[in-house]
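*Asks:* Following is a predicted model, sequence given first.
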Amino acid sequence: MPGPAPLSARLKNVKLRDQKTQLGLASAVAAIVLILAFLSLPGSGNKTSATTANSAGNTSQISNGGTQANKPVATAGGTLGKSNGSVSAPGNVSSLSPSAIAKLPPLTATTIKIGFTYLEDPNTANCAAGFCAIGNVDQKRAEDAMVKLINANPPGGRKVIPVYYHQNTSQVESKGAQQIEQEACSYFTKDNPVFMVFDGALIGSTDTFHSCATKAHIPEIGIAQADTSQTFQQFPYFVAPSSAAFDRIARVEVDQLYKQGYFAGFKNNVPPEMPQKPVNGKPLIGLIRYDTQNHNIAAAAMKAELAKYGLSLCSGCEWQITYSATDPAQELGGESTQMNEDIAAAKAKGVTHMLFLGSTAGVRITLFFVEGAEKQDYRPRLGFNPQDAPTAVRDLQASQNDAYQQYIDSILVDDSPGEFGTVTDAYNTCKKIFEAAGETFTGSQAANKEAQIPDYCDGAWYYIAAMKAVSGTLTPDSFMGGVANMKSVPSAGVYLMQTKSDRHDGSGAVRDGPWADSCKCFKPDTPAIPV
């Protein structure tokens, strides 16, 4: 299942991803992990731990035009809808031995093999950052619960046989993300071929696995890790049902902020030495972001949308924070220092409205700006999108009331009810599923766990709906046909979950809300707006 989490995407392994700032019910405790816990965990792994119901499989390979164990190959246009008579596919898949699973093809008339990845010890990364008390759901247990959910009434009568690829933190730290994704690719296409993969804690942070899945015609259900629309065009088998492409959300943010009068209004509680607004009455707009290629694309989309309204960033008002995913402590210190320098520059230029594109490694850009700007007596009007996760930062700063001054007159554009402190009926159902599986949500660890579960359930529910939308024989391409013809699916994490033929990032609605100082929170003042 998509390795879930609220704001940090590559915290994915730690169950805090930054791909989609889905907060769920973030709290101060939750925010800490989002910001610090292993800035980009899916970085590596020593030994590859790959298991299928506790062990590995065969050596057959899925490739265009090839065959596997005398079975039709899982490629576009294949005939995987029928079972080979020479292979037994028992109805009780839970009784299958590892060797029996290894002999099964990716798809039979009664079974479908799906790849899952998980980190064995997600809290180890938190401890390394000094936050051992932060809660993380048991990723393997979560994935097992989703398999059980699907198999209770399997679409098409095919029960899921999970094929697991997993590692621990020490293994992850010894390699880079690309190597891990290459190993996972080899396992799911050669060692124990699967029909599709649910991107989890160990894959999805680079294009390596996406490329592999595309070549092998293996559908992926996952979460966009600050991926752009180009990512989905380049890798047509990749689906992120409850995520929004980075460039799309950047455009939506500007559009909604404009409609809310954000650019026409100015901050009211500015320090004495900073004028409330320029003499000409026009906003001086700044942007602070990371320096990755996807951030370049999202920034270009944001600037193009500003231009539609006759607006632009002021001259020299775009600051790029150097991003890397190596040593967490070093990265935190470097980003904090660079942010303070950029804040000083923005203050000197008199920037009145500040936008952000961060979160590729947590919510550090938002946190460092809010804390640093207040210390420098600088308060521009702030605009936030789902990637910025201001609510998590607010929770982290609960004891720092001065920091709340930064939020006054700010506006949030978000696709997640959790960012506004509410949950959906589907979320409540999801939590009950986790509790029935043995997960607990109590004490200081509850909030962070609660923030992690929506993507698991959303992935499972989306899979069921997409399978039901398949027309004719089930093949990778017919599954993608189901993806293209989906109706909206109830979601635990976003207002609207629905993919289309031209949009495989399925988060399809946002709400806008200003900061309310009375509750120290963002309150939505629009209905869910399709985008």
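*Replies:* That came through fine. Numbering: from 1, shown residues only.
*Asks:* so what's Thr366 up against?
*Replies:* Phe356, Gly358, Ser359, Phe384, Asp388, Ala389, Pro390, Val393 (CB atoms under 8 Å, 6 or more residues apart in numbering). The way it works is simple: take the backbone N, C-alpha and C, and place the C-beta from them, glycine included.
*Asks:* Report the buried members of those residues.
*Replies:* Phe356, Gly358, Ser359, Phe384, Asp388, Ala389, Pro390, Val393 (16 or more other CB atoms under 10 Å).
*Asks:* wait, doesn't the second one sit right on Thr292?
*Replies:* No: between Gly358 and Thr292 no contact is recorded; they are 10.6 Å apart, counting by CB atoms under 8 Å.
*Asks:* Poorly predicted segments of the chain, please.
*Replies:* 1-92, 125-126, 128-133, 324-333, 359-362, 398-401 (pLDDT under 70).
*Asks:* returning to what we had before: in a markdown table, list the contacts of Thr366 along with secondary structure.
*Replies:* Compiled in a markdown table, those are given as follows (DSSP: H, G, I helix; E, B strand; the rest coil):
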| residue | secondary structure |
| --- | --- |
| Phe356 | strand |
| Gly358 | coil |
| Ser359 | coil |
| Phe384 | strand |
| Asp388 | coil |
| Ala389 | coil |
| Pro390 | helix |
| Val393 | helix |
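*Asks:* quick one: which of those residues is nearest Gly418?
*Replies:* Closest approach between those and Gly418, by CB to CB: Ala389, at 9.9 Å.
*Asks:* Just to check, that closest one is in contact with Ser416?
*Replies:* No: look at Ala389 against Ser416 with CB under 8 Å: they stay out of range, at 9.3 Å.
*Asks:* And for Pro154, the neighbour number?
*Replies:* 17 (other CB atoms under 10 Å).
*Asks:* residue contacts, it?
*Replies:* Residues counted as contacts of Pro154 (CB under 8 Å, 6+ apart) are Val160.
*Asks:* same thing but at 10 Å, please
*Replies:* Val93, Thr110, Thr111, Ile112, Val147, Val160, Ile464, Met467 (CB atoms under 10 Å, 6 or more residues apart in numbering).
*Asks:* Ser518 too?
*Replies:* So Ser518 contacts nothing (CB under 10 Å, 6+ apart).
*Asks:* Now do the same for it: helix, strand or coil?
*Replies:* coil.
*Asks:* Torsion angles phi and psi at it?
*Replies:* phi -60, psi -30 (degrees, to the nearest 10).
*Asks:* what's the answer for Tyr118, then?
*Replies:* Dihedral angles (degrees, to the nearest 10) for Tyr118: phi -160, psi 160.
*Asks:* what's across from it in the sheet?
*Replies:* Tyr118 has these beta-bridge partners by DSSP bridges: His166.
*Asks:* Thought Gln139 was touching it, still the case?
*Replies:* Yes: Tyr118 is in contact with Gln139 according to CB atoms under 10 Å; the separation is 3.7 Å.
*Asks:* the more surrounded of those two?
*Replies:* When neighbours are counted by other CB under 10 Å, Tyr118 and Gln139 differ, and Gln139 comes out ahead with 28 against 24.
*Asks:* what's the spacing between that one and Ser501?
*Replies:* 32 Å (CB to CB, to the nearest Å).
*Asks:* Also Tyr456?
*Replies:* Tyr456 is 26 Å from Ser501, by CB to CB.
*Asks:* hmm, back to that, any chance of the buried ones among the contacts of Thr366 in TSV with distance to Thr124 as columns?
*Replies:* Shown next, in TSV, are these (distance: CB to CB, whole Å):
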residue	distance to Thr124
Phe356	30
Gly358	25
Ser359	22
Phe384	31
Asp388	27
Ala389	23
Pro390	28
Val393	24
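*Asks:* From the residues you listed, pick the one nearest Phe266.
*Replies:* Phe384 (17.1 Å).
*Asks:* Settle this for me: the closest one is touching Phe420, isn't it.
*Replies:* No: between Phe384 and Phe420 there is no contact under CB under 10 Å: 11.7 Å.
*Asks:* Give the residues shared as contacts by these two.
*Replies:* Counting by CB under 10 Å, 6+ apart, the residues touching both Phe384 and Phe420 are Thr391, Leu412, Asp414, Gly513, Phe522.
*Asks:* Could you point out the helix or strand that follows the one helix or strand the first one maps to?
*Replies:* Pointing back at Thr391 there. Secondary structure from DSSP states H and E places Thr391 in helix 390-396. Per DSSP H and E, the first helix or strand lying C-terminal to helix 390-396 is strand 411-414.
*Asks:* Centre of the chain to that following strand, how far?
*Replies:* Remark: strand 411-414 is offset 18 Å from the chain centroid, using CA atoms, centre = their mean, to the nearest Å.
*Asks:* Start the count at 30 instead of 1 going forward.
*Replies:* All right, first residue 30 from here; so that's strand 440-443.
*Asks:* same for it, what does it pack against?
*Replies:* helix 275-288, strand 410-413, helix 419-425, strand 538-545, strand 550-551 (3 or more CB pairs under 10 Å, 6 or more residues apart in numbering; DSSP states H and E).
*Asks:* ok so, going back, considering the buried ones among the contacts of Thr395, which is situated nearest to Lys404?
*Replies:* Taking CB to CB as the measure, Lys404 lies nearest Val422 of the buried ones among the contacts of Thr395, at 14.7 Å.
*Asks:* isn't that closest one right next to Arg393, touching?
*Replies:* Yes: in terms of CB under 10 Å, Val422 counts as a neighbour of Arg393; the distance is 9.3 Å.
*Asks:* follow-up on the earlier one: out of Tyr485 and Ser530, which sits in the busier spot?
*Replies:* More crowded of Tyr485 and Ser530, by other CB under 10 Å: Tyr485, with 29 against 11.
*Asks:* Next, count neighbours for Pro304.
*Replies:* Pro304: 11 neighbours (other CB under 10 Å).
*Asks:* er, Phe267 I mean
*Replies:* Phe267: 26 surrounding residues under other CB under 10 Å.
*Asks:* what's across from it in the sheet?
*Replies:* With DSSP bridges as the rule, Phe267 is bridged to Glu249.
*Asks:* CA atoms of the top helix by length along the chain as PDB?
*Replies:* As assigned by DSSP state H, the longest helix anywhere in the chain is helix 357-378. Only the C-alpha atoms of helix 357-378 are listed here, as PDB (Å, rounded to 0.1, in the frame of the first residue of the first chain):
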ATOM      1  CA  PRO A 357      19.900  14.500   8.600                       C
ATOM      2  CA  ALA A 358      21.700  16.600  11.200                       C
ATOM      3  CA  GLN A 359      24.000  18.200   8.600                       C
ATOM      4  CA  GLU A 360      21.100  18.900   6.300                       C
ATOM      5  CA  LEU A 361      19.000  20.400   9.000                       C
ATOM      6  CA  GLY A 362      21.800  22.800  10.000                       C
ATOM      7  CA  GLY A 363      22.500  23.800   6.500                       C
ATOM      8  CA  GLU A 364      18.900  24.500   5.600                       C
ATOM      9  CA  SER A 365      18.300  26.500   8.700                       C
ATOM     10  CA  THR A 366      21.300  28.700   8.100                       C
ATOM     11  CA  GLN A 367      20.400  29.200   4.400                       C
ATOM     12  CA  MET A 368      16.800  30.000   5.400                       C
ATOM     13  CA  ASN A 369      17.900  32.700   7.800                       C
ATOM     14  CA  GLU A 370      20.000  34.300   5.100                       C
ATOM     15  CA  ASP A 371      17.100  34.200   2.600                       C
ATOM     16  CA  ILE A 372      14.800  35.700   5.200                       C
ATOM     17  CA  ALA A 373      17.200  38.600   5.700                       C
ATOM     18  CA  ALA A 374      17.300  39.100   2.000                       C
ATOM     19  CA  ALA A 375      13.500  39.000   1.700                       C
ATOM     20  CA  LYS A 376      13.100  41.500   4.500                       C
ATOM     21  CA  ALA A 377      15.600  43.900   2.900                       C
ATOM     22  CA  LYS A 378      13.700  43.800  -0.400                       C
END
